[in-house]
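Student: Kindly return the folded structure for what I paste below:
(chains A and B)
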Amino acid sequence: MANQKYNLKEEIEQVREDCLRPTRKWGRSTQIWIGSLLMVMAWGLYCYIHQLRNGLGVTAMRNYVSWGLYISTFVFFIGISHSGTLVSAILRITKQEWRRPITRSAELLTFVSLLFGGIMPIIDLGRPDRIANLVIFGRVQSPLLWDVISILTYFTGSTVFLFLPMIPDMALCRDRLKVCETKFDKFRKWLYTKMALGWQGTKTQWHRLELTMTIMTIVIIPVAVSVHTVVSYIFAMTLRPGWNSTVFGPYFVAGALYSGSAGVILGMVAFRKLYSLEKYITPRHFDLMGRIVLALTMIYAYLNLNEYWIPAYKMATAEGHLLNDLFSGSYSIAFWTCQFGTVLIPIIVLAIPAGRKLIPITITCIIIVLGAWVKRYLIVVPTLLHPFMPIQEVPGSWSTYFPNYVEFSVTAACLAGIFLVITLFAKMFPMMAVWEVEEGIQIEYDKQAAIELREQRETEEAKNILGNAGTANEPIIQQA
Amino acid sequence: MKMKSIINKITLSIIFTSLICVISTAQDKSEVKSKRETAIEMSYNKKADKSKIAVALVTAKNEAGKFIPANNVQVNFYAKHNNDEQLIKSANTNNKGEANILLPKDLPLNDSMYFNIIAKIENNNQFENAQEQMHFKEANLSFSLDSKDTNRMVIAKVTEMSKDGKEIPVKGVELKFYVCRLFGTMPASEDNNITTDDKGEASFAYPKNIPGSTEGVITLVAKIENNEKFGSIENKVAEPWGTVLAIEKEPFPRALWEPTAPFPLVITISSLFGGVWLVYFFLFYQLKKIKEETKIKTVKN
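Tutor: Numbering: from 1, shown residues only, chains lettered A, B, ... in the order given. Prediction:
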């Protein structure tokens, strides 16, 4: 037991060291990476200012397609944000021990994708200064107002959900950072101190933290589901071919969970490689996450079938034009690539155990994430180009749409923003919940110790029984 | 030395003066260059309340050589009589390039009973001088409605003033009839061009099925539009000839998107989001407590 205690202490120390090590190094490669991201963002900002000055006419969007790449990206980012809810909240609530090393990256992905996802509709506005009017003069019966409220609620919840398990880790960072030689170190010390909320690990503090985390874990799941349902309502509550659907709510939620969990796996791959976390994020994690993605892909495939099969059976006039365009028209390549490439193939690959190994699962998840993005585009754009009233006597550019350099640049800047926030976060804070991993190790040791203790007791009891049996039998032997 | 300094001073003053001349000439040239070519179009409207309005539409050439409406240009309006020009009023153009003035009632008339108005752009820094004139004869457009028979007839009469102050009917004037709607006017009949007869009268049968107000009142408008002799004249009359507009009490039964949010929807959304935010506030309170416990412990120590 003494040896075990020594090993436990050593192992916990090792966990702390492994988690905090990346926060101490700001190597040349990190600086180059951050520099390139800032350059992409600066170019995107320039293009956005150009758009602000000259209006949305500088984009490829016109009267019919007024929701183009920006709104497709918005739906995609909101979908990715479901990763944190799934991996962190659902696995936490079901007490899956293996979740511990991956919860933080999932929660961070949620926070960041929501942050930038929420910006996309504002970018899509010709007059973003009027965004406050949506709230000031908002109508309770408008899905747009529901969307603003639910995204704001989910963003607040996700921020709290990311922050809560960080409190003990912030205290650890604060206590470990004893020598502050540079101004940056002083800033970090100040930040850790503020974020730790004076954490000292008392019994009452632990009790309060566990209470808040349990409540938050329960609350965040329906909030997350409501957010993507409401996002789907923006489309489904309008009378347009392709959007006039009753399964849009669950269809969007399933699509979000499927792409979000694939996003988490990609995050796991990146952090595992970059921060040498192979010891903690093991092949078992990929195998289990692969199973989850497989299950979600199958649910998504089922809803996908419903979404297209039922209207395709009827082929009602306006809906028929849209479906013809998707199945065999100008969007057919993208549509069938999405259906087979990002739904059917992932199901086949992930169903095989070898497909859930590091390299195949990474490739599959990249395909899923990119496919999810294209799918959002296919939900938004073709419908706008197939209104109930036929498009007639309009300039040629109004009846087609493909994003131009302004839209690609601004979207790329938002994506770069996501990577930048993740990079800065990973360089400032531990990318694994240190105390949760420690708790996991402690539980494992306790289990091991309990097993050893039980075995020891059983042996002793067996010896005692055997001993007692020996003395009880003596008179009989003597009598004999 | 003295002579030299005088020569120097003279040379300097010549250079300075010539520089000023060059600069001022350049400025003049640039001013001449920057002045835009301007054009004026005039029109005359006599409203239903008998007010007479002169409108000058000012357009100026842009860099591409196209005439576009010019904003904020001062236009002077003159009344011309026997080669005398008397300033009536000045007005600036709006963003449509239009400058409007209300004409006085006692405009000087010539022997043919025409009045003459001139619009001028004068001494403007940005726009070239321009002028345009119009001359119109004063006329009256009156209404009478006949609803004795089953057919409702609208009769409009056009008269002009003679020298001795009598009203003389005018033949062959094209009239148009409209009904006022919320955001404009609607033609009252498909065959909208009706011409006055020898008596100066024009009539048409008013259709019965045009919706009116909640009391069934409609406003009829008769117009003479851009007539060469009389300009534009209009007259209005309100009459309960329309069908009574019945306002539906529940125009959107059971629709969640109806103009006033249904109470159950408000309650559902408020309670859902309100519930979540209440939980958040409880969590924030717990976080505050975590922070406070440290302070208490520090004080105890």
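
Student: When you work out contacts or count neighbours from here on, use the C-alpha atoms and nothing else.
Tutor: Fine.

Student: May I see the buried residues of the lengthiest helix in chain B?
Tutor: When every helix of chain B is counted residue by residue (DSSP state H), the longest turns out to be helix B:263-300. Using 16 or more other C-alpha atoms under 10 Å in any protein chain shown as the test for burial, helix B:263-300 gives B:Phe273, B:Val276, B:Val279, B:Tyr280, B:Leu283, B:Gln286, B:Leu287, B:Lys289, B:Ile290, B:Lys291, B:Glu293, B:Thr294.

Student: repeat for stretch A:227-246
Tutor: If you call a residue buried by 16+ other C-alpha under 10 Å, then stretch A:227-246 has these buried ones: A:227-237, A:240-243, A:245.

Student: For it, what is the spacing between the initial and final residues?
Tutor: Terminal residues of stretch A:227-246 lie 16 Å apart, using C-alpha to C-alpha, to the nearest Å.

Student: and the host helix or strand of A:Pro311, what does it pack onto?
Tutor: When secondary structure is defined by DSSP states H and E, A:Pro311 falls within helix A:283-314. Under the contact definition 3 or more C-alpha pairs under 8 Å, 6 or more residues apart in numbering or on different chains; DSSP states H and E, helix A:283-314 sits against helix A:248-274, helix A:317-328, helix A:345-351, helix A:358-384.

Student: Relative to the whole chain's centre, how far out is it?
Tutor: Taking the mean C-alpha point of helix A:283-314 and that of its whole chain, the gap between them comes to 17 Å (C-alpha atoms, centre = their mean, to the nearest Å).

Student: what do you get for stretch A:299-319?
Tutor: Average the C-alpha atoms of stretch A:299-319, do the same for its chain, and the two points are 28 Å apart (C-alpha atoms, centre = their mean).

Student: what do you get for stretch A:334-347?
Tutor: Taking the mean C-alpha point of stretch A:334-347 and that of its whole chain, the gap between them comes to 21 Å (C-alpha atoms, centre = their mean).

Student: who touches it?
Tutor: Applying C-alpha atoms under 8 Å, 6 or more residues apart in numbering or on different chains, the contact partners of stretch A:334-347 are A:294, A:297-298, A:301, A:326-327, A:364, A:367-368, A:371-372, A:374-375, A:378.

Student: so which of these comes closest to chain B?
Tutor: Taking C-alpha to the nearest C-alpha as the measure, chain B sits nearest to A:Leu378 out of the contacts of stretch A:334-347, at 27.2 Å.

Student: which one is the closest one nearest to, not counting chain neighbours?
Tutor: The spatially closest residue to A:Leu378, leaving aside those adjacent along the chain, is A:Phe335, at 7.2 Å (C-alpha to C-alpha, 6 or more residues apart in numbering or on different chains).

Student: Give the other helices and strands that the longest helix of chain B contacts.
Tutor: Using 3+ C-alpha pairs under 8 Å, 6+ apart, helix B:263-300 is in contact with helix A:143-163, helix A:203-236.

Student: Report the buried residues of the longest one.
Tutor: Read it as helix A:203-236. Residues of helix A:203-236 classed as buried by neighbour count (16+ other C-alpha under 10 Å): A:205, A:208-209, A:212-213, A:216-217, A:219-221, A:223-236.

Student: Show me the chain divided up by domain.
Tutor: Picked chain A for this. According to automatic domain parsing, chain A is divided into the following domains: A:20-237+A:406-441, A:282-387.

Student: look at chain B instead
Tutor: Structural domains assigned to chain B are B:38-137, B:139-239, B:250-280, following automatic domain parsing.

Student: A:Pro101: which of those domains is closest?
Tutor: A:Pro101 lies closest to domain B:250-280 among the domains of chain B, at 25.9 Å (C-alpha to C-alpha).

Student: From start to finish, how long is the closest one in a straight line?
Tutor: Domain B:250-280 has its terminal residues 39 Å apart, counting by C-alpha to C-alpha.

Student: Quick check: mean pLDDT of that domain?
Tutor: Taken as a whole, domain B:250-280 has an average pLDDT of 84.

Student: Repeat that for stretch A:263-283.
Tutor: When pLDDT is averaged along stretch A:263-283, the result is 91.

Student: buried ones in it?
Tutor: Neighbour counts over stretch A:263-283 (16+ other C-alpha under 10 Å) mark A:263-269, A:271-272, A:275, A:277, A:280-281 as buried.

Student: helix or strand for B:Val237, which one?
Tutor: Taking DSSP H and E as the criterion, the element that holds B:Val237 is strand B:231-239.

Student: Name the residues of that strand that are buried.
Tutor: B:Gly231, B:Ser232, B:Ile233, B:Glu234, B:Asn235, B:Lys236.

Student: what does stretch A:194-204 give?
Tutor: The neighbour-count check on stretch A:194-204 (16+ other C-alpha under 10 Å) flags A:Lys194, A:Met195, A:Ala196, A:Leu197, A:Gly198, A:Trp199, A:Gln200 as buried.

Student: Could you show which parts of chain A are in contact with chain B?
Tutor: Residues of chain A lying near chain B by C-alpha under 8 Å from any C-alpha of the partner chain: A:139-142, A:149-150, A:153, A:157, A:197-200, A:205, A:208-209, A:212, A:219, A:223.

Student: repeat that for 6 Å
Tutor: When proximity is defined as C-alpha under 6 Å from any C-alpha of the partner chain, chain A approaches chain B at A:Gln141, A:Leu197, A:Gly198, A:Gln205, A:Thr212.
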